[in-house]
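**Q** Dropping the sequence and predicted coords here.
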Amino acid sequence: MGHASAHPQRVRLFVGLWPGEAVRDEIVDHARAWVWPPQARLTHRERLHLTLCFLGELPAQRIPEVVERLPVRFEAFELRLGRAEVWSGGQAVLRPLAVPGALQMLHDRLGRALRWHAAPWLPRRSSFAPHVTLARDVRAALPPPHVLPIAWPVTGYTLIESDLRPPARYRVLYEYP
Ligand code: 2AM
């Protein structure tokens, strides 16, 4: 594809939590317990994540600026994923039972750090509904009646590039700490 063109390359970025292998396995097991309609598009195992801060599209040469702003105070915490929901946009999500203070603070700190230089368009106040998207194009999906909470020890966060060119994939650009 004519990617190396006169136009500066743009990248779609977000900061998120990237589960380890064991947590991925548990989320996949959980997703198997849903009843999915035929048109449901399930998130591939290796793409499962939780977004902290969506930066949108920016020129690739600004990645170092974003990385420079990325280190914020971080305390490890544990998430307990246990709320399975279908959102009106046709999105099936798995959410933490509670939003730990450390998660909310991390979201707020990243917002402040990135808004200033890297992404001035970030909303000053955004409602934060942390979730892992399990599937899209879900009109009628049935979550399992009982969800055994998945313990997810969070030890850091990542800067991820969402490359939409087929085959769409995520690339971890930077891990912190
Ligand atoms: P979603 O899973 O709820 O769709 C890459 O697309 C990640 O960024 C996904 O986690 C997606 O959330 C999130 N995302 C995409 N567009 C967004 C937007 N406009 N605002 C907030 N998050 C967004």
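**A** Done, it's in.
**Q** where exactly do the helices run in the chain?
**A** With helices called from DSSP state H, the chain shows them at 21-32, 63-69, 101-116.
**Q** Just the buried residues of the last one, please?
**A** Buried positions in helix 101-116, judged by neighbour count with 16 or more other CB atoms under 10 Å: 102-103, 106-111, 113-115. Glycine gets a C-beta too; all of them are placed from N, C-alpha and C.
**Q** can you list those residues in JSON lines and add distance to Leu55 and pLDDT?
**A** Output for the buried residues of helix 101-116, formatted as JSON lines (distance: CB to CB, whole Å; pLDDT from 0 to 100):
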{"residue": "Ala102", "distance to Leu55": "21", "pLDDT": "98"}
{"residue": "Leu103", "distance to Leu55": "18", "pLDDT": "98"}
{"residue": "Leu106", "distance to Leu55": "15", "pLDDT": "97"}
{"residue": "His107", "distance to Leu55": "13", "pLDDT": "96"}
{"residue": "Asp108", "distance to Leu55": "16", "pLDDT": "95"}
{"residue": "Arg109", "distance to Leu55": "15", "pLDDT": "95"}
{"residue": "Leu110", "distance to Leu55": "10", "pLDDT": "95"}
{"residue": "Gly111", "distance to Leu55": "11", "pLDDT": "93"}
{"residue": "Ala113", "distance to Leu55": "12", "pLDDT": "92"}
{"residue": "Leu114", "distance to Leu55": "7", "pLDDT": "92"}
{"residue": "Arg115", "distance to Leu55": "10", "pLDDT": "87"}
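**Q** quick one: which of those is nearest to Val35?
**A** Within the buried residues of helix 101-116, the smallest distance to Val35 is 29.7 Å, found for Leu103 (CB to CB).
**Q** Surely that closest one touches Pro96?
**A** Yes: between Leu103 and Pro96 there is a contact under CB atoms under 8 Å: 7.5 Å.
**Q** Can you pull the residues that touch both of those two?
**A** 79, 130 (CB atoms under 8 Å, 6 or more residues apart in numbering).
**Q** could the buried residues of helix 101-116 go into TSV alongside distance to the ligand?
**A** What follows is the buried residues of helix 101-116, written out as TSV (distance: CB to the nearest ligand atom, whole Å):
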residue	distance to the ligand
Ala102	20
Leu103	15
Leu106	16
His107	12
Asp108	15
Arg109	17
Leu110	13
Gly111	12
Ala113	17
Leu114	13
Arg115	14
